[in-house]
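Undergrad: Predicted coordinates and the sequence they were generated for:
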Amino acid sequence: MTSSMLMMGKLYEALRAGDVPDDKARAAAEEAAEYENRIAQIEGDLSVLKWMAGVNVALTTAVLIKLLV
């Protein structure tokens, strides 16, 4: 993984307030931000999959109605 300059500011500030060294606080905040980005990407992919499943159900229902009527 590549190092990201994105960082969770409140986490960084909380770690610094707890006397965590600057480099460790920055690294922890950056890693937490990377996980947040990965979760956001998974949520986006999940919404696409929900949309695709909905279209599939609608088309399957339309075909079944056409066959049975």
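TA: Okay, I see it.
Undergrad: can you map out the helices along the chain?
TA: Ranges of helices in the chain, per DSSP state H, are 9-17, 22-68.
Undergrad: residues in contact with T61?
TA: By CB atoms under 8 Å, 6 or more residues apart in numbering, no residues touch T61. Quick note: C-beta positions are derived from backbone N, CA and C, even for glycine.
Undergrad: Next one: it from V69, what distance?
TA: Here the criterion is CB to CB, to the nearest Å. By it, T61 lies 12 Å from V69.
Undergrad: quick one on the thing from earlier: pick the most deeply packed of the helices of the chain.
TA: For those, the largest average neighbour count (mean count of other CB atoms under 10 Å) is found in helix 9-17, namely a mean of 14.
Undergrad: Now mean pLDDT too, for the helices of the chain, in a markdown table please.
TA: Shown next, in a markdown table, are the helices of the chain (pLDDT from 0 to 100):
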| stretch | mean pLDDT |
| --- | --- |
| helix 9-17 | 88 |
| helix 22-68 | 94 |
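Undergrad: Show me the contact partners of stretch 15-25.
TA: 12, 28-29.
Undergrad: Any idea how far apart the tips of that stretch sit?
TA: 6 Å (CA to CA, to the nearest Å).
Undergrad: same check, this time on stretch 9-27
TA: End-to-end distance (CA to CA), stretch 9-27: 12 Å.
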